[in-house]
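**Student:** prediction below, plus the sequence it came from.
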Amino acid sequence: MAHIGTSISDNNTQFKENYKGMLKLLERLEEVRKESLFEGDVKSIKRHQDQAKMTARKRVDALLDSDQKAIELMPFAGYGKKNVAVGASLVVFLGKIQGRYSLVCANVPSIKGGALNLSSVEKMHRVHEIALENRLPTVYLVESAGADLSQQAQVFNAGGRIFRGISQRSKQGIPSISVVFGSSTAGGAYIPGMSDYIVMVKDQSHMYLAGPPLVKMAINEETDEQDLGGATMHSTSSGVSDYLAENEEEAIDMARDIFSSFPLDGLRENEFKEPLFPADEILGCLSSEASGFFSSREVIARLVDGSEFLEFKSSYGKTLVTGFASIHGHSIGIISNEGVLWPESALKGAHFIQLCNQRKVPIIFLQNITGFMVGKNVEHQGIIKEGAKMINAVSNSEVPAITIMMGSSYGAGNYAMCGRAFAPRFLMSWPNSKLAVMGAEQLAGVLERVQRDKAEKSGIDLDEEKIEQAKQALISQVEKESDPFFVSGQLWDDGVIDPRETRSVLGTLLQVISIDENPNGNPSYGVFRM
């Protein structure tokens, strides 16, 4: 397989400017990461630790294999939302337990008692999707006061889907384990209640549908937390709990022991060659502005094994780069943008997706796309129907996809390049990316033009000052809503990552994903030229 060359020089002025601009964006990434590590004020954490309890992140660290690097998912959920901590009071990791890949979902009890807000619930829905698609066991580290009652109207129905999801995965043989460390009340009790395995901590954890005050109010019965739903009672009387631990450390060891009894998933570390060029150079390849052009081949050369890339149709549809490679020894197809999508680019993409399905190799989409080409010429060429073919191919592709938003991600270009609406297994963003219907200036300009045309037809004189104020307000709004951290806060991606970490992240995700072949062992269609 041919090596990809490079034209990058770290002495180049543009390289240095790009690198400096990207470092500024990475400084912001680090600032938001620090915000996401918040687990409550000093007083709340001290009160928690005085009860011989570990914080949420320490529980996760103790559970995961120490010799493996785990990936935190959706760390910026809730970013920019009122009364929601960055991370949505929930810590989620993808990593190994006893050598088996799994998802870990931990309440942050030192923030509002671990109560679940709408962002927390949406984050747990995404955990369900990932667990179901990739057949990953899930461990819930539970200490939650249930729903945040100030958001009960938003959380009630959405929360019920969490319990349904745990039950659905169990039916498919995908286990859930709950380790209950403290209070698990009302709806919060159903997370362990629906799990396949429950571990509780003696004299510390308790589960019940209604706490002592509500029991008193409802049926005038006097009781306390441990007698009503303590670990000892549930382990010896009700049978709700399967394992009784003396302390948190033993509870985590018990969860790890449960994992050691699961069959090995058959995944192994592959042999592979490192790229010929250092990952650090990616920062100099990129424009820190999402609208700036950069060569996707330079990025690919620093992501794939040995910088080896077998390009497909290199002389046709040149604004889309397609080809075969491997990352960490896993064979893949790559679809990457090199400009707007023209009719021939879309046809090339549709053809290549079929080839990946025939080979049964996952597809990596590298997005830097402002959309499909517009104008009379391309409309006459049938840009709509040609673009629809690529979107159809993405929609019905049966191999796993992983999407990296490494620049612009606008309009139907986002769809064709497997944006969130098209359900890639994982979607990660770079801190220079932008997600919107179109660029802020273009969107504001379109609306201004519509207003002017309408006024002209009606014979109305426009107030130019008000028009300009409205335009600038809209630009500001779109810029805010297309910001990568706003996007991540809405859970439209699975996290914002340092571009230099992309190869490592992809290596892990490729090892996690599994391909479900159809009964005949063949794709549902043959390759056809369009």
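**Tutor:** Great, that's in hand. Numbering: from 1, shown residues only.
**Student:** dump the C-alpha coordinates for the one helix or strand in the chain whose mean pLDDT sits lowest into CSV.
**Tutor:** When each helix and strand of the chain is scored by mean pLDDT, DSSP states H and E, helix 440-458 comes last, with a mean of 74. The C-alpha trace of helix 440-458 is given here as CSV (Å, rounded to 0.1, in the frame of the first residue of the first chain):
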residue,chain,number,x,y,z
ALA,A,440,-23.3,32.6,10.7
GLU,A,441,-22.5,35.3,8.0
GLN,A,442,-24.3,33.4,5.3
LEU,A,443,-27.3,32.6,7.4
ALA,A,444,-27.7,36.2,8.5
GLY,A,445,-27.2,37.4,4.9
VAL,A,446,-29.9,35.0,3.6
LEU,A,447,-32.4,36.3,6.1
GLU,A,448,-31.5,39.9,5.3
ARG,A,449,-32.0,39.3,1.6
VAL,A,450,-35.4,37.8,2.3
GLN,A,451,-36.4,40.8,4.4
ARG,A,452,-35.3,43.2,1.7
ASP,A,453,-37.1,41.3,-1.1
LYS,A,454,-40.3,41.2,1.0
ALA,A,455,-40.1,45.0,1.7
GLU,A,456,-39.4,45.8,-1.9
LYS,A,457,-42.5,43.9,-3.0
SER,A,458,-44.6,45.6,-0.4
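**Student:** tell me the helices and strands packed up against that helix.
**Tutor:** Helix 440-458 is packed against helix 464-482, with contacts defined by 3 or more C-beta pairs under 8 Å, 6 or more residues apart in numbering; DSSP states H and E. Where you see a C-beta, it was placed from the backbone N, CA and C, and this is true even at glycine.
**Student:** helix or strand right after the helix it packs on?
**Tutor:** Following helix 464-482 in sequence order, the next helix or strand is helix 484-489 (DSSP states H and E).
**Student:** other SSEs contacting the helix or strand just after that next one?
**Tutor:** Downstream of helix 484-489, the next assigned helix or strand under DSSP H and E is helix 502-512. Counting contacts by 3+ C-beta pairs under 8 Å, 6+ apart, helix 502-512 packs against strand 71-72, strand 320-327, strand 330-337, strand 401-410, strand 426-429.
**Student:** which of those strands sits most buried?
**Tutor:** Ranked by mean neighbour count, those are led by strand 401-410 with a mean of 26 (mean count of other C-beta atoms under 10 Å).
**Student:** remind me what that strand packs against, helices and strands.
**Tutor:** Using 3+ C-beta pairs under 8 Å, 6+ apart: strand 401-410 touches strand 363-369, strand 426-429, strand 434-436, helix 502-512.
**Student:** that one pairs with which strands, parallel or anti?
**Tutor:** strand 363-369 (parallel), strand 426-429 (parallel), strand 434-436 (parallel) (DSSP bridges).
**Student:** what's the closest of these to V378?
**Tutor:** V378 lies closest, by C-beta to C-beta, to one member of those: strand 363-369, at 15.4 Å.
**Student:** wait, isn't S150 in contact with N83?
**Tutor:** Yes - counting by C-beta atoms under 8 Å, N83 is a contact partner of S150 at 7.5 Å.
**Student:** Q367: which of the helices and strands packed on helix 502-512 is closest?
**Tutor:** Judged by C-beta to C-beta, the one of the helices and strands packed on helix 502-512 that comes nearest to Q367 is strand 401-410, at 4.8 Å.
**Student:** flag the shaky bits of the stretch 251-400 of the chain, pLDDT-wise.
**Tutor:** For the stretch 251-400 of the chain, the stretches flagged by pLDDT under 70 are 264-269, 290-292.
**Student:** and the helices in it?
**Tutor:** Remark: helices assigned in the stretch 251-400 of the chain by DSSP state H, counting those that start in this stretch are 282-285, 296-301, 343-359, 376-380, 383-396.
**Student:** can you put those helices in a markdown table and add distance to I71 and mean neighbour count?
**Tutor:** Shown next, in a markdown table, are the helices of the stretch 251-400 of the chain (distance: least, C-beta to C-beta, whole Å; neighbours: other C-beta atoms under 10 Å):
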| stretch | distance to I71 | mean neighbour count |
| --- | --- | --- |
| helix 282-285 | 18 | 24 |
| helix 296-301 | 20 | 22 |
| helix 343-359 | 24 | 22 |
| helix 376-380 | 40 | 11 |
| helix 383-396 | 24 | 18 |
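**Student:** format the helices and strands packed on helix 502-512 as JSON lines; extra columns: distance to R126.
**Tutor:** As requested, the helices and strands packed on helix 502-512 are exported to JSON lines (distance: least, C-beta to C-beta, whole Å):
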{"stretch": "strand 71-72", "distance to R126": "13"}
{"stretch": "strand 320-327", "distance to R126": "23"}
{"stretch": "strand 330-337", "distance to R126": "23"}
{"stretch": "strand 401-410", "distance to R126": "14"}
{"stretch": "strand 426-429", "distance to R126": "10"}
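**Student:** quick one: closest of the ones you listed to S288.
**Tutor:** Of the helices and strands packed on helix 502-512, nearest to S288 by C-beta to C-beta is strand 401-410, at 10.2 Å.
**Student:** looking at the helices and strands packed on strand 401-410, which has the lowest confidence?
**Tutor:** Among the helices and strands packed on strand 401-410, strand 434-436 carries the lowest mean pLDDT, a mean of 90.
**Student:** what does it contact?
**Tutor:** Residues from elsewhere that reach strand 434-436, judged by C-beta atoms under 8 Å, 6 or more residues apart in numbering: 290-291, 405, 407-411, 414, 419, 429, 443, 478, 481-484, 487, 492.
**Student:** buried ones in the longest helix anywhere in the chain, by neighbour count?
**Tutor:** Across the chain, the longest stretch assigned as helix under DSSP state H is helix 13-36. Neighbour-count burial for helix 13-36 flags 15, 18-19, 21-22, 25-26, 29, 32-33, 36 (criterion: 16 or more other C-beta atoms under 10 Å).
**Student:** of all those, which comes closest to Y140?
**Tutor:** Relative to Y140, the closest of the buried residues of helix 13-36 is S36; by C-beta to C-beta it sits at 19.6 Å.
**Student:** what about E133, neighbour count?
**Tutor:** Neighbours of E133 under the rule other C-beta atoms under 10 Å: 17.
**Student:** residues in contact with it?
**Tutor:** For E133, the contacting residues are 400, 425, 513, by C-beta under 8 Å, 6+ apart.
**Student:** give me the beta-bridge partners of the closest residue to D65 other than its chain neighbours?
**Tutor:** The shortest distance from D65 to any non-neighbouring residue, by C-beta to C-beta, 6 or more residues apart in numbering, is to K96 (4.5 Å). As for beta bridges, K96 partners with Y101 under DSSP bridges.
**Student:** tell me the spacing between K96 and I513.
**Tutor:** Applying C-beta to C-beta, to the nearest Å, the value for K96 to I513 is 15 Å.
**Student:** now swap in N357 and tell me
**Tutor:** 15 Å.
**Student:** what's the distance between the helix or strand harbouring I45 and the middle of its chain?
**Tutor:** In this assignment (DSSP H and E), I45 forms part of helix 42-49. Computed by C-alpha atoms, centre = their mean, to the nearest Å, the chain-centroid distance of helix 42-49 equals 30 Å.
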